[in-house]
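Colleague: Got a predicted structure plus its sequence, pasted below:
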Amino acid sequence: MSKPKNIIQVFEHQTLKVSTDPKFSASHFKALERYGYKTREKYYSVGNKRIKFSNYVGVIQVKNLTIEILPKADNTDLNEASKDKWHDALISMLHECKLIKLDSILNARLKLKSASILDLYFDVFLTETERIVRQGFIKSYRKVSENLNKVKGKIQFTEHTRRNYLHKEKFFVEHKVYDVNNKFNQILLKALIILSGISNNPAYNIRIKKLLLDFERVEETNITSSWFTSLKFNRNSERYKAAVTLAKLIILRYSPDLKGGNENVLAIMFDMNILYENYVYRKLKVLESDSTIPITKVRAQNRNPFWGTRGIKPDIIIESESGNYVIDTKWKILKDRKPSDSDLKQIFVYNLHYESDLGILLYPKMSFESADKKPYRKEIYQSKYCQVAFADLFSNGELLDKKLGYSLYKDLLRTEIENT
């Protein structure tokens, strides 16, 4: 897949230096440095003319440069083939976890042959917004205070007296209007305005300009995170949800260049640990509806009281008539089959607390197979086991395995559940 000149692809935990890539200039670094300090180096750490990425993956746009940060959990070289593989894998995982809406992954791949993950997000947002415009904007009532030549609604006497002492023909009133200037449309407008300033795609720029004409009756306003927490969807506004979700990413992850140097930054990033956990959970969740598999429930992030006000939350709990099984996903590369002490102690607590005979530490697949389960040493715990296992995310080494849940059941759980 040929990459445009203004795109750099790196892997998580990799370092990007000004001196080693001609696309990454000192001005790009300065903008990312400011954004890094603003976000408390959440997505990457800042060094001497270098950026070291963390466990977050996704895409960052700075000035005219797009940087894709890809996941990586194998020992392959950092070549173009490996980047293409994990590029497609990331899109598929985001789609599976409902973090982006796609008609099909194949369609996404065709679109991305000369674009980036960021362009994909822009395309979906524009498509959803265009659909809303075709269907018609939501209208709602809002309060308006203004000076009129007639009484409409309620007179605001204090303000009326102050403003109209010399204008007896005027009335300062508060009344309601029914129009499209509401929070839903204001959110979409704000995202469109941001995109109009950062999009480098001529085809998208045409679509953005056309949409902005449709939003002429909507006022631009400052939008904060509190807008989204207070937003309530109903039967009439449900059709806005996908567009608003994407607009939220664009608005809240955008950092304008207040110095006017056109070095704005937009970062759409995801914690790979959470993404991996969510992806594995969704693949296992489908087993509930398969009558041939004796699993009654697959639960995720179930918090239980542990000590005082503190609780514990295992990633995934598998319930069956034969007992409970705990899976703790770990997005990290092991140098051998030996997990850290903290990982072992964590799964041990889950074994005890959830009365589970088997706790599984599930890492991404590397060069070696899953180890056999081993009991805890003390006699009173010898009926409880821990297994270090590795999930092979890919089928035939390239595409994500659509039946990963079935593969995990067959390799790790079937014998335990069916023979107990």
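Modeller: Perfect, thanks for sending it. Quick caveat: nothing in here was measured; it's all calculated off a predicted structure. Residues are numbered from 1 along each chain as shown.
Colleague: and D343, what helix or strand is that in?
Modeller: helix 341-353 (DSSP states H and E).
Colleague: Number of residues surrounding the closest residue to L94 other than its chain neighbours?
Modeller: Excluding the flanking residues, the one nearest L94 by Cβ to Cβ, 6 or more residues apart in numbering is I100, at 4.7 Å. Where C-beta positions appear, they are placed from N, C-alpha and C, glycine not excepted. By other Cβ atoms under 10 Å, the residues close to I100 number 21.
Colleague: Could you do K335 as well?
Modeller: Applying other Cβ under 10 Å, we find 6 residues neighbouring K335.
Colleague: same check, this time on S19
Modeller: Applying other Cβ under 10 Å, we find 9 residues neighbouring S19.
Colleague: and it, how far is that from A26?
Modeller: According to Cβ to Cβ, to the nearest Å, S19 and A26 sit 10 Å apart.
Colleague: Identify the contacts common to the two.
Modeller: K49 (Cβ atoms under 8 Å, 6 or more residues apart in numbering).
Colleague: Give me the neighbour count for the closest residue to N324 other than its chain neighbours.
Modeller: By the measure of Cβ to Cβ, 6+ apart, the closest residue to N324 outside its immediate chain neighbours is S356, 4.5 Å from it. As a burial measure, S356 scores 22 neighbours (other Cβ under 10 Å).
Colleague: Confirm F390 sits in a strand?
Modeller: Yes - assessed by DSSP: H, G, I helix; E, B strand; the rest coil, F390 belongs to a strand.
Colleague: Let me know whether it touches I360 as I believe.
Modeller: No - assessed by Cβ atoms under 8 Å, F390 is found out of contact with I360, at 10.5 Å.
Colleague: Comparing the two, which residue is more hemmed in?
Modeller: The residue with more neighbours, out of F390 and I360, is I360; 27 against 20, by other Cβ under 10 Å.
Colleague: give me the element that one is part of.
Modeller: Applying DSSP H and E, one finds I360 within strand 356-364.
Colleague: which element is the residue nearest to L94 on?
Modeller: Counting by DSSP H and E, I100 is found in no helix or strand.
Colleague: residues contacting it?
Modeller: I100 neighbours (Cβ under 8 Å, 6+ apart): I91, L94, L120, Y121, V124, L246.
Colleague: Quick check on it: phi, psi?
Modeller: phi -150, psi 140 (degrees, to the nearest 10).
Colleague: could you say which helix or strand contains Y276?
Modeller: Using DSSP H and E, Y276 sits within helix 272-285.
Colleague: For that helix, buried residues please.
Modeller: 272, 274-285 (16 or more other Cβ atoms under 10 Å).
Colleague: Give me the contacts around that helix.
Modeller: So helix 272-285 is contacted by 12, 55-57, 71, 93-94, 96-97, 99, 298, 300, 315-316, 318, 327, 329-331, 362, 364, 391, 404-405, 408-409 (Cβ under 8 Å, 6+ apart).
Colleague: quick one: strands adjacent to the helix or strand following that helix?
Modeller: Per DSSP H and E, helix 272-285 leads on to strand 297-300 as the next helix or strand towards the C-terminus. Using DSSP bridges, strand 297-300 pairs in its sheet with strand 316-320 (antiparallel).
Colleague: what angle sits between the strand it pairs with and helix 341-353?
Modeller: 30 degrees (axes from the mean of the first three to the mean of the last three Cα atoms, to 10 degrees).
Colleague: Just the CA trace of strand 316-320, in PDB.
Modeller: Extracted in PDB, the C-alpha atoms of strand 316-320 (Å, rounded to 0.1, in the frame of the first residue of the first chain):
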ATOM      1  CA  ILE A 316     -13.600 -11.100  31.800                       C
ATOM      2  CA  ILE A 317     -15.600 -13.700  33.800                       C
ATOM      3  CA  ILE A 318     -16.900 -16.900  32.100                       C
ATOM      4  CA  GLU A 319     -19.800 -18.500  33.900                       C
ATOM      5  CA  SER A 320     -20.900 -22.100  33.300                       C
END
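Colleague: Toward the C-terminus, what is the element adjacent to that strand?
Modeller: strand 323-329.
Colleague: for I155, what are its contacts?
Modeller: I155 touches F171, F172, V173, counting by Cβ under 8 Å, 6+ apart.
Colleague: give me that answer again for 6 Å
Modeller: F171, V173 (Cβ atoms under 6 Å, 6 or more residues apart in numbering).
Colleague: How about L393?
Modeller: So L393 contacts L400 (Cβ under 6 Å, 6+ apart).
Colleague: Could you report the distance from it to S320?
Modeller: For L393, the distance to S320 - Cβ to Cβ - is 24 Å.
Colleague: same check, this time on L252
Modeller: In terms of Cβ to Cβ, L252 sits 41 Å off from S320.
Colleague: So between these two, which is more surrounded?
Modeller: S320 (18 against 15).
Colleague: number of nearby residues for A89?
Modeller: 20.
Colleague: try E41
Modeller: 15.
Colleague: Relative to K248, how far out is S226?
Modeller: Taking Cβ to Cβ, one finds S226 at 12 Å from K248.
Colleague: Sheet partners, orientation included, of the strand holding I360?
Modeller: Here, using DSSP bridges, strand 356-364 pairs with strand 323-329 (parallel), strand 385-391 (parallel).
Colleague: Out of these, which gets nearest to S230?
Modeller: Counting by Cβ to Cβ, S230 lies closest to strand 323-329 out of the strands paired with strand 356-364; the figure is 33.1 Å.
Colleague: can you give me the strands for the stretch 1-150 of the chain?
Modeller: For the stretch 1-150 of the chain, the strands defined by DSSP state E, counting those that start in this stretch cover 7-11, 15-17, 44-46, 50-53, 56-62, 65-70, 140-148.
Colleague: can you list those in TSV and add mean neighbour count and distance to P256?
Modeller: Shown next, in TSV, are the strands of the stretch 1-150 of the chain (neighbours: other Cβ atoms under 10 Å; distance: least, Cβ to Cβ, whole Å):
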stretch	mean neighbour count	distance to P256
strand 7-11	19	22
strand 15-17	16	22
strand 44-46	19	19
strand 50-53	19	20
strand 56-62	24	12
strand 65-70	24	16
strand 140-148	13	27
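Colleague: Quick one: the helices in this structure, in order.
Modeller: Per DSSP state H, the chain carries helices over the ranges 26-38, 80-96, 105-111, 117-135, 157-163, 183-198, 202-214, 225-230, 241-252, 272-285, 341-353, 404-408, 414-418.
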